[in-house]
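>>> Just to be clear, the model below is a prediction. Sequence and coordinates:
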Amino acid sequence: MKIAMIGTGYVGLVTGACLAKIGHRVTCVDQDSSKVRALRRGNIPIYEPGLETVVEQAVAKKKLTFTTDLAKAVKANDIVFIAVGTPQASDGRSDLRDVEAAAKQIAKAANKSKIVVVKSTVPAGTCKRVGRILGKHGGEHTFDVVSNPEFLREGDAVNDFLDPDRIVIGTATERAANAMRKLYAPFEPQDVPLVLTSLETSELIKYSANAFLATKVAFINEMANLCDATGADIEALSRGIGLDNRIGRAFLKPGPGYGGSCFPKDTLALTVQAQEADCPVRIVESVVDSNSFHIRRLGRRITDFCAASWGETSNVPLVGKRIAILGLAFKANTDDVRSAASTVIAPLLSKQGAEIVGYDPAADKAITELIPTLERAKSIEEAIKGADAAIVLTEWAEIGAIDWPTMHDLMRQPVVVDLRNLYNTVKMAQNGFYYLSLGRPHIAPV
Ligand SMILES: NC(=O)c1ccc[n+]([C@@H]2O[C@H](COP(=O)([O-])OP(=O)(O)OC[C@H]3O[C@@H](n4cnc5c(N)ncnc54)[C@H](O)[C@@H]3O)[C@@H](O)[C@H]2O)c1
Ligand SMILES: O=c1ccn([C@@H]2O[C@H](COP(=O)(O)OP(=O)(O)O[C@H]3O[C@H](CO)[C@@H](O)[C@H](O)[C@H]3O)[C@@H](O)[C@H]2O)c(=O)[nH]1
């Protein structure tokens, strides 16, 4: 089938390239001409494992092209996807301006009837609104609007797209449902369940899935704090509950709180939608609160633990101390720093007088755009050298594999705060480190 993908960001590029891989012909459109130029030269603007190969092969087979010319792409294709951003507006709502603008552009460019598929994450009722915009600006042409939310995770995006747990499709017409069945027919041999439903249900499935997963993360973080307070062990607790099939083991790893471009904005947007519908989602509201409380509480714990480990009694213990932050991306295997723990912790410690140096294998460029003043190191060793403490924020394999005994003498003071529970508490103590992790017993260095 012939597809135009409006928006070539994380979702548009992965979806476009993967739809091309399974046999469709895809034109990826973006208004950012530098992005399109880079893609035409074969440069992938994001760090996403496996994506470069998929793009390269699809381009070589002439199944995937890139353009800034939306009108031409719309005219040449029967199915038009909208995969533009829906960031958080200042009032917590989902900012739908790009979706609405894209819908208007599609309508104006249309030369015949089209199927318009909303891939972006949008509140319930948006697809109907998109339908009204298309109707208003599309002249005599008819448009079938489809909701087809995306569930890929950054860092695993290609695999998630090609081997999905399910495909959710919301439609209002049989014609659109049939077109979507045909589009996803290549997944039939894998027995991927298709959830065919209404537009609103499909839109809400996306928010519910993210809110539920975010709830698991916030829950385990609260349990980790309780483990700290009671002397219990979060690793055993997580396993002990997760082995119950009704609960499941996934998304029960404690950390610095959920971040990224989706959970924070989607949980908040869901609470606003629900309030507006006079149907507050109190659990999700608590999850949002819990997550922002968690990271701020961790900020205080970092300061207290470092001060105690250094034997520093001053009321401004971080002044003049050099602190290395290991991992700046919101999670491993991505360069995305949107709502990353580093973007909260680095300014917080810096405000208390600490000198911060950050290291990340992929997020250097992204963090520089966000916090231009942050000093960055080119390697773990460079970051750690002369540091009074190292704070681990991202679970990159390279960071998990640090050989701490060889780092001990590089540091000015052997203090490690690990907010991803990557290392063995006993070994860290045996290697002479003051080591704090989440919900696990603290052992004094030997
Ligand atoms: N990032 C993820 O992991 C993920 C996963 C699932 C769903 N989503 C949802 O998918 C949507 C897109 O997210 P993203 O992370 O890919 O966003 P993004 O910001 O990375 O990409 C959006 C792209 O759309 C382009 N764009 C905007 N308006 C345009 C227009 N009128 N014409 C052409 N191009 C236009 C922008 O230039 C940008 O390149 C959001 O609703 C998001 O919530 C994201
Ligand atoms: O056990 C866990 C699992 C996750 N996280 C954190 O939770 C956040 C989100 O992680 P993840 O879900 O892996 O990343 P995303 O790429 O943001 O993907 C989520 O958001 C996407 C955008 O909506 C959805 O498509 C995906 O299904 C959904 O998993 C990150 O800060 C993780 O560090 C934890 O702290 N502990």
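The structure has been received and is ready for your questions. Ligands and ions are numbered 1, 2, ... in the order given.
>>> from what I can see Ala274 touches Arg282, true?
No. Contact between Ala274 and Arg282 fails when scored by CB atoms under 8 Å: they sit 9.0 Å apart. Backbone N, C-alpha and C define where each C-beta goes, glycine included.
>>> got a list of what Gln413 touches?
Ser309, Trp310, Ala387, Asp388, Ala389, Tyr434 (CB atoms under 8 Å, 6 or more residues apart in numbering).
>>> Distance to Ala102 added to these, as TSV?
Formatted as TSV, these follow (distance: CB to CB, whole Å):
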residue	distance to Ala102
Ser309	52
Trp310	53
Ala387	46
Asp388	49
Ala389	46
Tyr434	52
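>>> circling back to that earlier point, Ala274 and Arg282: who's more crowded?
Ala274 (19 against 9; other CB atoms under 10 Å).
>>> Phi and psi next, for the closest residue to that one other than its chain neighbours.
Spatial nearest neighbour of Ala274, excluding adjacent residues (CB to CB, 6 or more residues apart in numbering): Val281 at 4.2 Å. Note on Val281: its backbone torsions stand at phi -100, psi 90 [degrees, to the nearest 10].
>>> Distance check, Val281 against ligand 2.
Counting by CB to the nearest ligand atom, to the nearest Å, the separation of Val281 from ligand 2 is 17 Å.
>>> ditto for Thr406
27 Å.
>>> That residue - how many residues pack around it?
Using other CB under 10 Å, Thr406 is surrounded by 11 other residues.
>>> Okay, and it sits in which element?
helix 404-407 (DSSP states H and E).
>>> What are the buried residues along whichever helix or strand comes after that helix?
For helix 404-407, the following helix or strand on the C-terminal side (DSSP H and E) is strand 415-418. Neighbour counts over strand 415-418 (16 or more other CB atoms under 10 Å) mark Val415, Val416, Val417, Asp418 as buried.
>>> name the helices or strands packed onto the helix or strand bottoming out on mean pLDDT in the chain?
Of all helical and strand segments in the chain, the minimum by mean pLDDT, DSSP states H and E falls on helix 364-370, at a mean of 94. Counting contacts by 3 or more CB pairs under 8 Å, 6 or more residues apart in numbering; DSSP states H and E, helix 364-370 packs against helix 342-351, strand 375-376.
>>> Can you say which of these is nearest to ligand 1?
For ligand 1, the closest of the helices and strands packed on helix 364-370 is helix 342-351, at 16.3 Å, according to CB to the nearest ligand atom.
>>> and the next element down the chain from the closest one?
strand 355-359.
>>> That following strand pairs with which strands, and in what direction?
If you go by DSSP bridges, strand 355-359 pairs up with strand 322-326 (parallel), strand 375-376 (parallel).
>>> Just the CA trace of that strand, in PDB.
C-alpha atoms of strand 355-359 as PDB (Å, rounded to 0.1, in the frame of the first residue of the first chain):
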ATOM      1  CA  GLU A 355      30.300  21.400  40.200                       C
ATOM      2  CA  ILE A 356      28.600  18.900  37.900                       C
ATOM      3  CA  VAL A 357      30.100  16.900  35.100                       C
ATOM      4  CA  GLY A 358      27.900  14.600  33.000                       C
ATOM      5  CA  TYR A 359      28.600  11.600  30.900                       C
END
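>>> Give the rounded mean pLDDT of that strand.
If you average the pLDDT over strand 355-359, you get 98.
>>> could you give the angle of it to helix 342-351?
160 degrees (axes from the mean of the first three to the mean of the last three CA atoms, to 10 degrees).
>>> Show me the contact partners of strand 355-359.
Strand 355-359 is contacted from outside by 320-328, 342, 346, 349-350, 367, 374-380, 382-383, 387, using CB under 8 Å, 6+ apart.
>>> contacts for stretch 281-297?
With CB under 8 Å, 6+ apart as the test, stretch 281-297 has contacts from 211, 214-215, 217-218, 221-222, 225, 256-258, 264, 267-268, 270-271, 274, 341, 344-345, 348.
>>> So which bits of that stretch are buried?
Under the neighbour-count criterion of 16+ other CB under 10 Å, stretch 281-297 has Val281, Val284, Glu285, Val287, Val288, Ser290, Asn291, Phe293, His294, Ile295 buried.
>>> Export these to a markdown table and append columns for pLDDT.
Formatted as a markdown table, the buried residues of stretch 281-297 follow (pLDDT from 0 to 100):
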| residue | pLDDT |
| --- | --- |
| Val281 | 98 |
| Val284 | 98 |
| Glu285 | 98 |
| Val287 | 98 |
| Val288 | 98 |
| Ser290 | 98 |
| Asn291 | 98 |
| Phe293 | 97 |
| His294 | 98 |
| Ile295 | 97 |
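>>> Among those, which one sits closest to Gly139?
Lowest distance from Gly139 to these (CB to CB) belongs to Val281, with 40.0 Å.
>>> Ligand 2 contacts on the stretch 301-446 of the chain?
The stretch 301-446 of the chain comes close to ligand 2 at residues Phe330, Lys331, as judged by CB under 6 Å from any ligand atom.
>>> Show me which helix runs longest in this protein.
For the chain, the helix with the greatest residue count under DSSP state H is helix 199-230.
>>> Quick check: what element follows that one along the chain?
helix 234-242.
>>> Could I get the buried residue list for the next helix or strand after that next one?
From helix 234-242 onward toward the C-terminus, using DSSP H and E, the following helix or strand is helix 263-276. Neighbour counts over helix 263-276 (16+ other CB under 10 Å) mark Phe263, Pro264, Lys265, Asp266, Thr267, Leu268, Ala269, Leu270, Thr271, Val272, Gln273, Ala274 as buried.
>>> So which elements touch helix 263-276?
Packed next to helix 263-276, using 3+ CB pairs under 8 Å, 6+ apart, are helix 199-230, helix 282-310.
>>> related to what we said a few turns ago, out of the buried residues of strand 415-418, who's nearest Asp156?
Asp418 (22.8 Å).
>>> how close does that closest one sit to Lys114?
51 Å (CB to CB, to the nearest Å).
>>> Run through who's touching stretch 23-42.
1-9, 12-13, 16-17, 19-20, 44-45, 55-56, 58-59, 63-70, 73, 76-77, 183, 186.
>>> Now that we have those residues, which of them are buried?
Neighbour-count burial (16+ other CB under 10 Å) applied to those gives 3-9, 12-13, 16-17, 19-20, 44-45, 55, 58-59, 63-68, 70, 73, 77, 183.
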